[in-house]
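Engineer: Pasted the sequence and its predicted model underneath.
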Amino acid sequence: MNNPLLENTPLPQFSKILPEHVEPAIDHLLNIARTTIAEQLASGGPYTWQNLIEVIDNAEDRLNKAWSPVSHMNSVVNSDAMRDAYNACLSKLSEYATEVGQNQALYEAYQALHDGSDFDHLDRAQQKVIQNALRDFHLSGIDLPPDQQTRYKEISQQLSKLGSQYEENLLDATNAWHKQIIHIEELAGLPESALAQARQAALAEDKDGWLINLQFPSYLAIMTYADNRELRREHYEAFCTRASDQGPNASQWDNTEVMEKILALRHEKAQLLGYKNYAELSLAKKMAESTAQVVKFLEDLADKSWRQARRDLAELQEFASNEYGLHQLQAWDIGYYSEKMRQHFYQLSQEEVKVYFPSNRVIPGLFAIVEKLFGLHISVITDFDTWHPDVSFYQISDQQGQVRGRFYLDLYARAKKRGGAWMDDCVNRRKLATEIQIPVAYLVCNFTPPTGNDPALLSHDEVQTLFHEFGHGIHHMLTQIDHLGVSGINGVEWDAVELPSQFLENWCWEKEALALISGHYQTGEPLPESLFAKMLAAKNFQAGMQMVRQLEFSLFDFKIHQDYTPDKGGQIYPILRQIREQIAVVKVPDFNRFAHSFSHIFAGGYAAGYYSYKWAEVLSSDAYSLFEENGIFDRVTGESFLHNILEQGGSSNAMTLFKNFRGREPSIDALLRHNGIAA
């Protein structure tokens, strides 16, 4: 069988990859990787970078480049057959990773390389790769007795399967619910763009009328604009009970047991390795030094924000009561009356803003901003293989004409595509025998697709999401580090990974930058001064409420991992209720099952690490404040950020890199100022 996953092509051949290719390819490449390690160790040394790490990197990079498109397609064009193939390989990959991490001879080879005289002659990035690897051996159970190593391996495999099961339950539950609307009066309040999208969704299903669903653009439109309060309540309940024991599809794709098992296994894993709990274990690869430091950071931020949040909610309740006679806001009223209030006090409608952010202006404008900041050039590539017709492909070149990276852009929501927005690596930068391997990224969003002949119109929030993911993308693609373990975002402390992404969002609010990314989708007319003034005035509208909401998520994530005890189990909702009583201002109904769809922590990489968004926002706000001082397109400052942060990957500790750029440790002041919250 010709297998496209085994052809060492520069880019994946998406159109040729079939589910039946997956397992044979991964089996073959795992076998090569195992054989490679065994052959290198059989030599008995002496070990060098070239005869140990480089050789193993060659085998593992090939494995990564085959698995990456499989994992990606499972997320963006999910099917039962691809899902089965993906799941069949998860335990094999987990087993291999644990096997490598518990290989005593390999550990001793790395240790010998670290302790040998050649270590001092390696460059900083190579030394960091070896130091990280030795840390990871300990975190993989190299110090454990054989029976505990076996248990560690079992736990890792189970966690891998459970994370996938959680994500599948959520995807299936999201796809399962929709509502056909026959009478347009039921959708009163929805703007034309949302109605057109609902009509297009109905036509795609060969149905009359309009179709709303749990894809985020549809959900957001109903919660923000639908005058029909009962429809909002129904849609809210369907959305916030996905994959749970509540709601319209109660217990059908229930993540309750999956979550309990995940927390129990994470706790057992942490204790096997000598940590009190999984929160402690998670910090082994982060900037934060202790669980107490993380909790104090979050609680201090909450203390600075909750008064503002309470004021925000009181003002919203007063507005809804005075203007609309609604004396008791419910969770499904917040978005609707917030939009009414924004329009009332700032004369600012999200729909009015969207017409100035067509995708065919935003994307070239984003590229122009990155070009001005870092001296880069981004060009479209039209001849490429893809997984879906909506996808586009680009390359980034530097001032010398050198190609620095390439990326796929998949912007629009659709069925069989995982919700949310993310960046993932397709190919990593590394130095090969005769050339540099060019890094390639996937940039994925779930925006409202174009309707008819019009381009997609993005909300300003969606524009910020695009900038955020592109920030991750340039962190991966602009690296100048040649060694796999620390190139791009590899080896970067997890609570610093969000620095470039949140940093880039700032340009969405600058007049000079907005001139590049906006223009009326029909006339090309620039964003009016008066509208920009309203956007700025409303920038920190309900900033307190938004801040405590993120802190609620962060504290909940950290506490369920820190406070877990086997005798009491996960206590997921008791802990969530306790945190909500402590800092939340919006009361949610008892049927709310937020945790059942919190895939960041149960199926993503953010377990006991969701606080990273706020932690890194301190870094990103403070980094951006230097541009506020020197000019937002100051090339010297831009190139300093490029050279000190983006190009360095994980080759040095994040704090060292930040101080190299900023000249000092980060301060929280800029974060509070940017959020309109007094220090």
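Structural biologist: Alright, I've got the coordinates. In this text the structure is predicted, and so the values were computed from the model without any measurement.
Engineer: in the protein, which spans are strands?
Structural biologist: 178-181, 210-213, 377-381, 392-397, 403-412, 422-427, 430-431, 436-437, 440-447 (DSSP state E).
Engineer: what does the second one contact?
Structural biologist: Where contact means Cβ atoms under 8 Å, 6 or more residues apart in numbering, the residues beyond strand 210-213 that reach it are 175, 177-181, 184, 187, 195, 198-199, 201-202, 205, 218-219, 221-222, 235. Every C-beta, even on glycine, is put in place using the N, C-alpha and C of the backbone.
Engineer: Please list the outside residues in contact with stretch 280-291.
Structural biologist: 135, 139, 266, 269-270, 273, 275, 277, 279, 294, 297, 493-496, 558, 561-562, 607-609, 611-612, 615, 653-655.
Engineer: What's the end-to-end length of it?
Structural biologist: Length of stretch 280-291, first residue to last, Cα to Cα, to the nearest Å: 6 Å.
Engineer: Give me the buried stretch members for that stretch, please.
Structural biologist: Under the neighbour-count criterion of 16 or more other Cβ atoms under 10 Å, stretch 280-291 has 280-283, 285-288, 291 buried.
Engineer: tell me the mean pLDDT over it?
Structural biologist: Averaged across stretch 280-291, pLDDT comes to 97.
Engineer: cool, and stretch 260-274?
Structural biologist: For stretch 260-274, mean pLDDT rounds to 98.
Engineer: I'd like to know how far Arg673 sits from Thr224.
Structural biologist: In this view, Arg673 and Thr224 are 28 Å apart by Cβ to Cβ, to the nearest Å.
Engineer: Mind checking which of the two has more residues around it?
Structural biologist: Thr224 (22 against 15; other Cβ atoms under 10 Å).
Engineer: correct me, but the more buried one touches Tyr337?
Structural biologist: No: counting by Cβ atoms under 8 Å, Thr224 stays clear of Tyr337, with 10.0 Å between them.
Engineer: can you point me to the longest helix in the chain?
Structural biologist: Selection of the longest helix in the chain by residue count, based on DSSP state H, yields helix 291-324.
Engineer: Flag every buried residue along that one.
Structural biologist: Using 16+ other Cβ under 10 Å as the test for burial, helix 291-324 gives 291, 294-295, 297-298, 301-302, 304-306, 308-309, 312-313, 316-317, 319-320.
Engineer: Could you check how far it is from the centre of its chain?
Structural biologist: Chain-centre distance of helix 291-324: 25 Å, with Cα atoms, centre = their mean, to the nearest Å.
Engineer: Equivalent analysis for stretch 282-295, please.
Structural biologist: 20 Å.
Engineer: Same question for stretch 162-171.
Structural biologist: 16 Å.
Engineer: Can you give the contact residues for it?
Structural biologist: Counting by Cβ under 8 Å, 6+ apart, 78, 83, 86-87, 90, 242-243, 253-255, 258-259, 261-262, 265, 416, 418-419, 596-597, 599, 602-603 sit against stretch 162-171.
Engineer: from those residues, which ones fall inside helices?
Structural biologist: If you go by DSSP H, the contacts of stretch 162-171 have 83, 86-87, 90, 258-259, 261-262, 265, 599, 602 in helices.
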